[in-house]
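S.K.: Sequence plus the predicted model coming up.
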Amino acid sequence: AELAEARHQLERLEVTHQTLLELTGTDQSAPEPAAPQFPPAYRDILAVLADHPEGLRPKDIALALGQPATSKNTVEGIRAKLKRLVGRDLTEEPEPGLFTIKQDNT
């Protein structure tokens, strides 16, 4: 029973470790820095924004993703993800509520 419990704990730690690696965008198996890996919802949002260089509002992104844009929870969830992507310097908010892919100024 102790061995089974230890295996279960080890599996949980591995899942937690993989989740943290995904959220931080690190890949320890890669010899050089890897491109950030995000959960599917974030990748979907970035893909929609990439198709709309003029920018979109969270409600428009919800519609593009086939989600109910009339649901406050859905729209606010997308807004929260967009704000996290702004914090990671991947998107920007040129005006309140309008989000675009971050443009490199190099």
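M.R.: Here it is on my side, so go on.
S.K.: can you pull the alpha-carbon coordinates of the helix or strand bottoming out on mean pLDDT in the chain into CSV?
M.R.: Taking mean pLDDT, DSSP states H and E as the measure, the helices and strands of the chain show their lowest mean at helix 2-24, namely a mean of 76. Provided in CSV are the C-alpha atoms of helix 2-24 (Å, rounded to 0.1, in the frame of the first residue of the first chain):
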residue,chain,number,x,y,z
GLU,A,2,2.9,2.4,0.8
LEU,A,3,4.5,1.7,-2.6
ALA,A,4,1.2,2.4,-4.4
GLU,A,5,0.8,5.6,-2.5
ALA,A,6,4.4,6.7,-3.3
ARG,A,7,3.8,5.9,-7.0
HIS,A,8,0.6,8.0,-6.9
GLN,A,9,2.4,10.9,-5.3
LEU,A,10,5.2,10.6,-7.9
GLU,A,11,2.7,10.7,-10.7
ARG,A,12,1.0,13.8,-9.2
LEU,A,13,4.4,15.5,-8.9
GLU,A,14,5.2,14.7,-12.5
VAL,A,15,1.9,16.2,-13.7
THR,A,16,2.5,19.3,-11.6
HIS,A,17,6.0,19.6,-12.9
GLN,A,18,4.9,19.4,-16.5
THR,A,19,2.1,21.9,-15.9
LEU,A,20,4.6,24.4,-14.4
LEU,A,21,6.9,23.9,-17.4
GLU,A,22,4.0,24.6,-19.8
LEU,A,23,2.9,27.7,-17.9
THR,A,24,6.4,29.1,-17.7
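S.K.: Could you list every helix and strand in contact with the helix or strand following it?
M.R.: Downstream of helix 2-24, the next assigned helix or strand under DSSP states H and E is helix 40-50. Helices and strands touching helix 40-50, as assessed by 3 or more CB pairs under 8 Å, 6 or more residues apart in numbering; DSSP states H and E, comprise helix 58-64, helix 72-87, strand 98-101. All C-beta spots, glycine's among them, are computed from the backbone N, C-alpha and C.
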